[in-house]
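J.: From the sequence below, what's the structure:
(chains A and B)
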Number of protein chains: 2
Amino acid sequence: MKILVIGGNGRVGSLLVNKLAAKHQVLAGSRNPKPENNSDNIEHVYIDLLSDVDAISKSMNSLDAVYFVSGSRGKNLLQIDLHGAIKTMQAAEKAGVKRYIMLSSVFALQPEHWKESFLSNLTDYNIAKHYADLYLTTQTQLDYTILQPGALKEESGTGKIEINVTNPGSNSIANVVDTLDSILENDLTFGKVILMHDGDTPIDVALNQLR
Amino acid sequence: MKILVIGGNGRVGSLLVNKLAAKHQVLAGSRNPKPENNSDNIEHVYIDLLSDVDAISKSMNSLDAVYFVSGSRGKNLLQIDLHGAIKTMQAAEKAGVKRYIMLSSVFALQPEHWKESFLSNLTDYNIAKHYADLYLTTQTQLDYTILQPGALKEESGTGKIEINVTNPGSNSIANVVDTLDSILENDLTFGKVILMHDGDTPIDVALNQLR
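T.: Just a heads-up that it's a prediction; the model follows:
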């Protein structure tokens, strides 16, 4: 498959690009040239989320899937995390890409949880992610999956998670990356919003519990 | 009619409250007590756009219409202009209010115009208004009208405007207030997004051109 990772230089994106490159041709999309990578299957593509839908769409020719794992880390939530994200959905539809996988945040679609735990310090972020996720689920015809992990930790992965979680937990970045990778070709994840944190269930077993 | 004006103390809101009070019972909604007003038909009601939908909904009992004319003037776009606005839509639906009139901004629903004229300095604001307007038109069953004027000027009103405008112009606040007032009971405005700037057509004539 030929896959674009938007935010390919980020904490999640750089690991995801390398993971996917074991099996796929990967375009690492970002404003800056790619860092060193470990595979001939990886190519850098220039994507600026501040540009318009047409410009973004031109980077999406003959793709099989798009991942959105970009984020402004609070610095430009309206233009990057909200509107930038939605422009990539519109660009994907314009380019005829069907498969779109969004990295979101736990309970982004459930404001009633936004005062729990660490989420209480992330209201602006939650709002940006909320309306991006809402757009994806209601205003597009994409075959989407939205992955909503809790706090991201720089820890080694366990390969084990829980989904359908009821409280905001934490996740190793490696587990999030492995889950994003496993989502790609699992039909059960199409049209689903998956909440997760680290846990005791192997990733594929957890995803196969989806109905 | 009994009407709630959210943002009742603002530049537009304070004039609108007084205008509406000539014919209606008006609740001026804001976080702060009402300033002096010129009518027994005006009552202050506490509304905090940072609170949740249920709390906001409690201020909406037996209303005939809600106006949203609040704004953070760039200081809290995500929580006030975007999410705050949408919570008032959800609150209105919860309270059984059908009529909802939104003060928006010219071309808020048309990003292809956001680089024109003074709009080029308002991208964050345009994004916030965009997704609030989009929610109102696609995710609610409200009898909405969205009024989208251009730049607001502290000038005396002429009573004359243009709608269906093709460029971002300017408006006296008085003309915007008079148009908001005229919209209330004009069925032609239901379900419409009305772009405007000051012009040569009497407000009611202009509104009656809507199809």
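J.: now the strands: where do they sit in chain A?
T.: Using DSSP state E, the strands of chain A run over A:2-6, A:25-30, A:42-46, A:65-68, A:99-103, A:143-149, A:151-153, A:160-163, A:170-172, A:192-198, A:201-202.
J.: which parts of the first one are buried?
T.: What that stands for is strand A:2-6. Across strand A:2-6, burial judged by 16 or more other CB atoms under 10 Å in any protein chain shown covers A:3-6. C-betas here are computed from N, CA, C, even on glycine.
J.: interface residues of chain A facing chain B?
T.: With CB under 8 Å from any CB of the partner chain as the criterion, chain A meets chain B at residues A:52, A:77-79, A:82-83, A:111-112, A:123-124, A:127-128, A:130-131, A:134-135, A:138-139.
J.: go with 7 Å
T.: Neighbours of chain B within chain A, by CB under 7 Å from any CB of the partner chain: A:77-79, A:82-83, A:123-124, A:127-128, A:131, A:138-139.
J.: Can you spell out which helices and strands pack onto the helix ranked longest in chain A?
T.: The helix that spans the most residues within chain A, counting by DSSP state H, is helix A:123-138. Judged by 3 or more CB pairs under 7 Å, 6 or more residues apart in numbering or on different chains; DSSP states H and E, helix A:123-138 is in contact with helix A:83-95, strand A:143-149.
J.: Out of the ones you listed, the one nearest A:Phe107 is which?
T.: strand A:143-149 (6.9 Å; CB to CB).
J.: Centre of the chain to that closest one, how far?
T.: From the chain centre to the centre of strand A:143-149 is a distance of 7 Å (CA atoms, centre = their mean, to the nearest Å).
J.: Return the alpha-carbon coordinates of that strand using CSV.
T.: Extracted C-alpha coordinates of strand A:143-149, given in CSV (Å, rounded to 0.1, in the frame of the first residue of the first chain):
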residue,chain,number,x,y,z
ASP,A,143,-13.6,5.2,5.7
TYR,A,144,-12.4,6.6,8.9
THR,A,145,-11.0,5.2,12.1
ILE,A,146,-10.5,7.6,15.0
LEU,A,147,-8.0,6.4,17.7
GLN,A,148,-8.4,8.3,21.0
PRO,A,149,-5.6,7.4,23.5
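J.: could you give the angle of it to helix A:123-138?
T.: Counting by axes from the mean of the first three to the mean of the last three CA atoms, to 10 degrees, strand A:143-149 lies at 160 degrees to helix A:123-138.
J.: who's in contact with strand A:143-149?
T.: With contact meaning CB atoms under 7 Å, 6 or more residues apart in numbering or on different chains, strand A:143-149 is reached by A:98-108, A:133, A:136-137, A:171, A:176, A:179-180, A:183, A:189-197.
J.: tell me which residues in that strand are buried?
T.: Buried-residue list, strand A:143-149, by 16+ other CB under 10 Å: A:144-149.
J.: Dump these into JSON lines; add pLDDT as well.
T.: Shown next, in JSON lines, are the buried residues of strand A:143-149 (pLDDT from 0 to 100):
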{"residue": "A:Tyr144", "pLDDT": "98"}
{"residue": "A:Thr145", "pLDDT": "98"}
{"residue": "A:Ile146", "pLDDT": "98"}
{"residue": "A:Leu147", "pLDDT": "98"}
{"residue": "A:Gln148", "pLDDT": "98"}
{"residue": "A:Pro149", "pLDDT": "98"}
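J.: Noted, bye for now.
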